[in-house]
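Participant: Next comes the sequence, and after it the predicted model I'd like to discuss.
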Amino acid sequence: MEHKRILIMGATGSIGRQTLDVIENYPDQLQVVGLAANSNWELLAQQARQFAVSTVALADEQAARLLADAAPQLQVYSGDEGLQEIVRELEPDLLVAAISGLAGLPPIMTALEQRCEMALANKEPLVAAGQLVTTAASRAGVRLLPIDSEISAVFQCLRGEQTEDVEKILLTASGGPFADYTKAQLAEVTAKQALDHPTWQMGPKVTIDSATLMNKGFEIFEMKWMFGLEFEQIEVVIHHQSIVHSLVQLCDGNVLAQLGRPDMRLPIQYALLYPDRMPNQFDRLDLADIGSLTFAAPDPDKFPCLRLAREAGRSGQSYPTVLNAADEVAVAWFLQEKIDFMDIPRLIEQALEEHEPFSVNNLSDVTTADQWTRDYLGQIAADRR
């Protein structure tokens, strides 16, 4: 059996590290041929040594120079262009796309041009450019494999089912750390509190998105583009235990669910080894120990990011790109303690209201909408000083 040759984008992040944990368990099936990250060159160097990788890339050019000096035996690509060059050079069988933000979009498109299979972990490319990504994948005859636990759940439930038989998706959300807070309490939330997620260990951006429920808004986009659904077919339900990762209601009324422990290695393994299932030593689900599973509707008044995501999705054109960029900027400002927690949806809504939409037909259009948003919010920040 030939190894599946894998390039990991975002290798030093939470998903990247867990991906390497999974790969280590299957040396006869999986081989890491390349690693890419933003700026953590020291950890990237350790990973390269551990997995005998000779080709790496760093988006941060200064970090790339430091790595090249420290490890001259490595082929080091640098900058945004370097993230695309390493894809062209290695021609992997599978790209694990786990770079946060839109930085991962160009290498994803490059990989699809090379007919490389894709395991998607970061949501932003499908939010900001879902039509471009799925069209490129269809044109190349390439499968998009979800790593997000909720999207993987639906992918697994639909194995052997017809998409046209789907009545609706029940997309579960943990609710984040503030599900029971009042609006007054939400106004006082600090970045430290928001980073303390009750269930999952994630990077800071996605953890804040989970707290605002924008993470679920982004996953609505993923569901739509991955499975060819309408926004109206996707319903969000709060499920604090994070055991039921999502459900599919079919046209005959039957509901299929995928359950599992809140462990990202499970959907990662499913994506890496697809279509095969392989045994592992991960802890097993014990329903008797959990005791009960609860579900509730989200409160749109306390968590307006869900509404904003739906509205941007339905409006289409460049609105989803603006949604994504505005959220990225607002979350960064909140983490820097420049704005309050409830300012995040306010700034996103303000950007969406002021934006003059246009069609998104290529990467240049995505860049234009993204830059407009950053310039617009930058001016707001300047006016506040």
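Facilitator: Looks like it came in fine. Numbers count the residues shown, from 1 in each chain.

Participant: what ranges of this structure fall below the confidence cut-off?
Facilitator: Along the chain, the parts satisfying pLDDT under 70 run over 1, 197-201, 385.

Participant: now the strands for it?
Facilitator: For the chain, strands defined by DSSP state E occupy the ranges 4-9, 30-37, 55-58, 75-78, 94-97, 117-120, 144-146, 166-173, 234-238, 244-250, 255-259.

Participant: Output those strands as TSV; include the columns distance to V22.
Facilitator: Where C-beta positions appear, they are placed from N, C-alpha and C, glycine not excepted. What follows is the strands of the chain, written out as TSV (distance: least, CB to CB, whole Å):
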stretch	distance to V22
strand 4-9	10
strand 30-37	8
strand 55-58	19
strand 75-78	24
strand 94-97	10
strand 117-120	11
strand 144-146	13
strand 166-173	23
strand 234-238	28
strand 244-250	17
strand 255-259	18
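
Participant: I'd like these laid out as CSV, including mean neighbour count.
Facilitator: Output for the strands of the chain, formatted as CSV (neighbours: other CB atoms under 10 Å):
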stretch, mean neighbour count
strand 4-9, 25
strand 30-37, 24
strand 55-58, 26
strand 75-78, 21
strand 94-97, 26
strand 117-120, 24
strand 144-146, 24
strand 166-173, 22
strand 234-238, 20
strand 244-250, 22
strand 255-259, 17
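
Participant: wait, which of the ones you listed is closest to V133?
Facilitator: Taking CB to CB, strand 144-146 is the member of the strands of the chain nearest to V133, at 7.6 Å.

Participant: For G101, grab the count of nearby residues.
Facilitator: 18 (other CB atoms under 10 Å).

Participant: Spell out the residue ranges of the helices in the stretch 101-250 of the chain.
Facilitator: Assigned by DSSP state H, counting those that start in this stretch, the helices in the stretch 101-250 of the chain fall at 105-113, 124-140, 149-157, 183-186, 191-194, 204-212, 214-227.

Participant: Serialize these to JSON lines and add fields for distance to V166 and mean neighbour count.
Facilitator: Listed next are the helices of the stretch 101-250 of the chain as JSON lines, based on distance: least, CB to CB, whole Å; neighbours: other CB atoms under 10 Å:
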{"stretch": "helix 105-113", "distance to V166": "25", "mean neighbour count": "23"}
{"stretch": "helix 124-140", "distance to V166": "17", "mean neighbour count": "21"}
{"stretch": "helix 149-157", "distance to V166": "9", "mean neighbour count": "25"}
{"stretch": "helix 183-186", "distance to V166": "34", "mean neighbour count": "12"}
{"stretch": "helix 191-194", "distance to V166": "34", "mean neighbour count": "16"}
{"stretch": "helix 204-212", "distance to V166": "25", "mean neighbour count": "24"}
{"stretch": "helix 214-227", "distance to V166": "7", "mean neighbour count": "25"}
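
Participant: Need those in TSV (columns: distance to Q29).
Facilitator: As requested, the helices of the stretch 101-250 of the chain are exported to TSV (distance: least, CB to CB, whole Å):
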stretch	distance to Q29
helix 105-113	20
helix 124-140	23
helix 149-157	19
helix 183-186	46
helix 191-194	38
helix 204-212	28
helix 214-227	24
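
Participant: pretty sure A36 contacts M9?
Facilitator: Yes: under the criterion of CB atoms under 8 Å, A36 makes contact with M9 at 4.7 Å.

Participant: Between those two, which contacts overlap?
Facilitator: The contact sets of A36 and M9 overlap at 83, 99, 107 (CB atoms under 8 Å, 6 or more residues apart in numbering).

Participant: tell me the contacts of the second one?
Facilitator: I take that to be I99. With CB under 8 Å, 6+ apart, I99 has these contacts: 9-10, 13, 36-38, 59, 83, 107, 122.

Participant: could you redo the last one with a cut-off of 10 Å?
Facilitator: By CB atoms under 10 Å, 6 or more residues apart in numbering, the residues touching I99 are 8-11, 13, 15-16, 36-38, 59, 83, 105, 107-108, 121-122, 124-125.

Participant: Just give the nearest non-adjacent residue to it, would you?
Facilitator: G10 (4.2 Å; CB to CB, 6 or more residues apart in numbering).

Participant: which non-adjacent residue is nearest the residue nearest the centre of the chain?
Facilitator: Of all residues in the chain, the one closest to the mean position by CA atoms, centre = their mean is N122, 2.4 Å from it. Of all residues not flanking N122 in the chain, G104 sits nearest, at 5.2 Å (CB to CB, 6+ apart).
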